[in-house]
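**Student:** Provided below for reference: sequence and predicted model.
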Amino acid sequence: MNLYLLRHGIAVEAGTPGCATDRERPLTPEGKRKLARVAGAMEAMELSFDLLLSSPLVRARQTAEIVARSLRAEKRLAFTDELMPGGSPRALLEAIRRHDPEPRDVLLVGHEPYLSGLIGLLVAGNAGMSVTLKKGGLGKVSAESLRCGRCAALEWLLTPKQMARME
């Protein structure tokens, strides 16, 4: 199985008028533009996903929707609280394993430090592994058998700038 981990794009700052909570912070116009380029790079890389899972927080939801539209995968997009800050990696992995049919390529859209912690958990067996995933950055891990603990290999990490050159 291939897991692709995408950090949400640039969002408005906490405390911005109209955003009563962290959950409500949307992408900025710049964040949307950069995400469109990231989605274009994903298309140029010929990535496709059997399943797209996203945090329901507005900035992650908008990020996932931009990518899903670009890749014509809106019907494969779902939202899960397990990708929110404080979500359970164990529950997330179990939900992916239970998905029928079992997906081969999965895109996860979420937040830091959750996503880098998930990479650390899957690659090194602990969430303390230091990985930097920029806003709009994309990583890939592959695993024969997905489980909590050391089960995967880190294939690559890309920054939004690197991806913009791929379009």
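**Tutor:** Ah, there it is.

**Student:** Which helix or strand contains G40?
**Tutor:** helix 29-44 (DSSP states H and E).

**Student:** Show me what the next helix or strand after that helix is packed against.
**Tutor:** Reading on from helix 29-44 to the C-terminus, the next helix or strand found by DSSP H and E is strand 51-54. Applying 3 or more Cβ pairs under 8 Å, 6 or more residues apart in numbering; DSSP states H and E, we find strand 51-54 packed against helix 58-70, strand 77-79, helix 89-98, strand 105-110. The way it works is simple: take the backbone N, C-alpha and C, and place the C-beta from them, glycine included.

**Student:** ok, now with 6 Å
**Tutor:** Counting contacts by 3 or more Cβ pairs under 6 Å, 6 or more residues apart in numbering; DSSP states H and E, strand 51-54 is packed against helix 58-70, strand 77-79, strand 105-110.

**Student:** who touches the shortest one?
**Tutor:** When contacts are defined by Cβ atoms under 6 Å, 6 or more residues apart in numbering, strand 77-79 is touched by residues 52-54, 56, 64, 68.

**Student:** what's the most distant pair in these?
**Tutor:** P56 and A68 (14.2 Å; Cβ to Cβ).

**Student:** Which one's more surrounded, those two?
**Tutor:** A68 (20 against 14; other Cβ atoms under 10 Å).

**Student:** re earlier: what residues sit buried inside the helix holding G40?
**Tutor:** Neighbour-count burial for helix 29-44, counted by 16 or more other Cβ atoms under 10 Å, picks out 31, 34-39, 41-43.
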